[in-house]
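In: sequence first, predicted coordinates after that:
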Amino acid sequence: MRTTIALLIGLVGAAVIGARGKGDLSVGEARATGPAVACTLISGAKVYLPGAIAAEVDVVLANGRVRAVGAGIDDASCTRVDGRGQVLTAGFIDANTGLGLVEVDLEGSTVDTDLKNVHQDPAGAVRAAVRASLGYNPRSITIRVARTGGVTSALVVPTNGIISGGAFWVDLAGETRAVIKREPAAMAADISALSESRAAGMHVIDVALKEAALWEKERGAWLKNQRAGFANKTLDLEALGPVVRGEVPLLVTVDRASDIEALLALTEGTKVRLVLVGAAEGWLVKEALAARGVAVIVDPILYGPGGFDQLRARSDNAPLCAAAGVKVLLSTFNSHQVRRLRQVAGNAVRGGLPWQSALLAVTEWAADAFGMSGHGRIAAGAVGNVVLWSGDPFELATRVVKVWIDGREVNLRTRQTELFERWRTQPQ
Amino acid sequence: MGALQVGKRVSAQVLPLLALGLGCATSEPKPAAPRAIIAIEDRGHSNVEEAPKVARGRTLLTGATLLTATGERWAPGWLLIEDGRIAALGDGEPPAAITGGKSQVPVHMIDLRGRWLTPGLIDPHSHLGVYPSPSLRATDDGNEATSPNTAGVWAEHSFWAEDPGIERAVRGGVTTIQVLPGSANLFGGRGVVLHLRPMRGARAMRFPGAPDTLKMACGENPKRVYGGRGGAPSTRMGNVRGQREGFANAAKWLKDNRDKPAGEVARDLAMETLAGVLEGRILLQVHCYTAQDMLDFMQISDEFGFKVRAFHHALEAYKIRDILVKRDIGVATWADWWGFKLEAWDGIEEQAALISQSGGRVSIHSDSAEDIQRLNQQAAVAMYAGKAKGVHVDENDALRWITADPAWMLGIDAEVGTLEVGKRADIVAWSADPLSVYTKADKVWIDGALVVGGDDKTSPWSDFELGTEVGP
């Protein structure tokens, strides 16, 4: 552990560590809400370093990033935060939300997670080109509420159709589109609870992926009218390019083990990377998932059977998958309850997932799965999204003390704070 | 509410079995025979499957931290179960009179060092069995959404006793639930209070002596369901008209039939239910979110002279907590749900704490097959949220939100909800502090019978879950 720390100490201006995706670079300067300070020195906290290794080190945030991590840092130019007795982690990442696309679920005028009536016809089954991010509202009331649970980033995922469109990565501070840090960060698909047969649903995905691969090679021929048309719209095939090139994962909502096996078969020998959402029966095929490097975003709270797709759901799905070497990610699968992510992680631990794995699931591994490896860790050069907790982040008694996004402290007041303050004195 | 309001804070006395006899138990002189409409009620509750026999014998639990939900925390404490009830309990080590060899009755000793004991948890808002797992067209039995007034339907007649969610709830420490119809209708139908022992049907699971309840609904759901079909109600004022009409008709029916002899009562299932509400025999549980909707509903209750036992969900109850406390109306709510519809837009995590601090009765309910597995966690979420903002609530309050207060809302507080002498031995042994996210319910007793944690049997309770083992 000493070696690890030594390597991380004091690397001012270090290169972004392990950044795999170009998308990690912000397309514009995200504006967080805190005051601009040259740097922040958080000292004395129990800090979780990459690999969920705990160390008593100081952390300096500057220029939107973690500038330095090490023991005994003393920089008089920095704003100091006394972290003694507290815990510092990378900001949590919810890997599957509708944040910024939904205000009130039952009010259609505030819901932008899918294409609604216009494209509910079967022809709308493939919507890869749809950019849900064009409907993203960085000022959504839900976003500040999510931050109160120590969540600083989220994958925002469109719904419906069989291929639903591009999911995108957001950081939860700043009120411009610059908070959209990567788009697409994944391509969303859903073969759960289909109204048509599974074979038809799989067929839609199969044809779309095959045609997208062909489109990569034969686009020129098609443009010159030297090639017959495609079953899918060319805009959708273009949008599936990053999926068939293996640049972004295909994020498939699926629970039944046999469906997971079908998806593995359907993508075998291609560059398509799968990330599974739900995967309630994932433990049944955990070795295959591990062998193919497929990550799963599981709900450690659900252990069904919510339907026949979940007949063999188990409360220890997450630890069983993790023990087999599957990267397990976690989510609230929600828009309003994203602040519960830490409780979800706590429940994963309650179900048997090692504590460190649960922390990695909501930080490092979630970032890595979507090509955002500059996020999700406290290391020199990483994005300055960190959270100071009063204790164990997963424990219900623990409070979020401070949150920094892009190196700036963010406001933790919400509309709910104001409601509380207005009504805290009993009305007479 | 008459004699049903037994024992708001019952002291540690041994209570007679069936202290909560349905119907005509009032302080007034008792008639020789029950009125005909009461006899009709009794016939509607007749059983086919025998209820389980109470487990005989003495079991002594020692070494655990006891949280009694009456304000005591004994670390360690001890508790003696005798014939399904709590016979004695206390701080420290049990007296020699119990453990010594002098006693004629053998004592089964269970060492629970490191564990925490609480009363069994009570969820007053569940749709287990009526919206069971798996969620399929064939199991969608929670809302008789064919008319805004279906006061004549009973949730127990939709209840599927094989719902796998029942076992999961008990494994989360829940021992008693109120199963309610959904909220599509203004008058949704009767709810039923169940003790969660696996039985073949709902009636054998009924909590002995628990009053029936009626589920009603305000606000968005009824007007959306019926307005969406071009019918009534389609507005909030339509909701209130429908509710007032229902009670006006019931008042007339009750006047006409209250003292009619058997054979002359004009049987009407909806009216019989509403008459029970008007007479205080049936406890009213009202799904209502906003302050305005609750205020409107309380006016209706004043107009027709009935009582609301608890508002459910009630996410704006904190705004009218003075009124709710004054009227002794319980608030069954969530710790942290909000925003899924407009009437849930003002939900705050400090709600339970604020109401509790004002002297109100609060339940953290689930309304969910998932959250029911972790009511202890949700109570902790609500308590710590309030505490962080300086609201005066503590561990005992949080525990009461999932035990004693919901017991009162269901009219069974003389029987369960606290660890006190004479109460039914519905007890949970937790692996650690029940307000921690990591804690599990290791052992669960219902009426003194160990239903979870007795052996290593892994076979599921539900027939539905048989045949799902994996392997060649």
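Out: That came through fine. The structure displayed is predicted, hence computed values, not measured ones.

In: around chain B, pick out the residues from the stretch 301-428 of chain A.
Out: Within reach of chain B by Cβ under 8 Å from any Cβ of the partner chain, the stretch 301-428 of chain A has these residues: A:301-308, A:310-312, A:335-337, A:339-340, A:343, A:346-347, A:349-350, A:394-397, A:399, A:416, A:419-420, A:423-424, A:426-428. Where you see a C-beta, it was placed from the backbone N, CA and C, and this is true even at glycine.

In: kindly apply the preceding question to the stretch 151-300 of chain A instead.
Out: Near chain B, when you scan the stretch 151-300 of chain A using Cβ under 8 Å from any Cβ, you find A:L284.

In: among the residues of the stretch 301-428 of chain A next to chain B, which are located in helices?
Out: Those of those mapping onto helices are A:343, A:346-347, A:349-350, A:416, A:419-420, A:423, per DSSP state H.

In: and after the lowest-mean-pLDDT helix or strand in chain A, which helix or strand comes next?
Out: Least confident helix or strand, chain A: helix A:2-8 with a mean of 36, by mean pLDDT, DSSP states H and E. Helices and strands here follow DSSP states H and E; after helix A:2-8, the next one along the chain is strand A:39-43.

In: which residues touch the residue of chain A found nearest chain B?
Out: The minimum distance from chain A to chain B, using Cβ to the nearest Cβ, falls at A:G346 (3.4 Å). Contacts here follow Cβ atoms under 8 Å, 6 or more residues apart in numbering or on different chains; on that basis A:G346 touches A:358, A:394-396, B:437-438.

In: work out for me the element B:A407 sits within.
Out: Counting by DSSP H and E, the element that carries B:A407 is helix B:404-409.

In: run through who's touching that helix.
Out: With Cβ under 8 Å, 6+ apart as the test, helix B:404-409 has contacts from B:8, B:69-70, B:119, B:122-124, B:176, B:178, B:283, B:285, B:309-310, B:330, B:332, B:361-363, B:365, B:413, B:415-418.

In: how about a cut-off of 6 Å?
Out: Residues outside helix B:404-409 that contact it (Cβ atoms under 6 Å, 6 or more residues apart in numbering or on different chains) are B:69, B:122, B:124, B:309-310, B:330, B:361-363, B:413, B:416-418.

In: could you double-check that A:A52 lies in contact with A:L359?
Out: Yes. Using Cβ atoms under 6 Å, A:A52 is in contact with A:L359, at 4.6 Å.

In: looking at those two, which has the bigger crowd around it?
Out: A:L359 (25 against 19; other Cβ atoms under 10 Å in any protein chain shown).

In: can you tell if the one helix or strand B:P222 maps to touches chain A?
Out: Using DSSP H and E, B:P222 falls within helix B:220-227. No. Using Cβ under 6 Å from any Cβ of the partner chain, helix B:220-227 stays clear of chain A, with a minimum separation of 7.3 Å.

In: let me see the ranges of the strands in the stretch 301-450 of chain B.
Out: Counting by DSSP state E, counting those that start in this stretch, one finds strands in the stretch 301-450 of chain B at the ranges B:310-313, B:330-333, B:362-364, B:427-430, B:441-446, B:449-452.

In: oh sorry, the question was meant for the stretch 151-300 of chain A
Out: Under DSSP E, counting those that start in this stretch, the stretch 151-300 of chain A gives strands at A:151-156, A:163-171, A:180-190, A:250-254, A:274-278, A:295-298.

In: between the second one and strand A:151-156, how many degrees?
Out: Here strand A:163-171 points in a direction 160 degrees away from that of strand A:151-156 (axes from the mean of the first three to the mean of the last three Cα atoms, to 10 degrees).

In: check which helices and strands strand A:163-171 is in contact with.
Out: When contacts are defined as 3 or more Cβ pairs under 6 Å, 6 or more residues apart in numbering or on different chains; DSSP states H and E, strand A:163-171 sits against strand A:151-156, strand A:180-190.

In: ok, 8 Å please
Out: Applying 3 or more Cβ pairs under 8 Å, 6 or more residues apart in numbering or on different chains; DSSP states H and E, one finds that strand A:163-171 makes contact with strand A:151-156, strand A:180-190, helix A:198-223, helix A:234-239.

In: pretty sure A:D392 is touching A:V87, no?
Out: Yes. When contacts are counted by Cβ atoms under 8 Å, A:D392 is listed as touching A:V87 (6.8 Å).

In: can you check which residues contact both of the two?
Out: Jointly contacting A:D392 and A:V87 under the rule Cβ under 8 Å, 6+ apart are A:T398.

In: for the lowest-mean-pLDDT helix or strand in chain B, buried residues please.
Out: Among the helices and strands of chain B, helix B:96-99 carries the lowest confidence by mean pLDDT, DSSP H and E, at a mean of 84. Neighbour counts over helix B:96-99 (16 or more other Cβ atoms under 10 Å in any protein chain shown) mark B:98-99 as buried.
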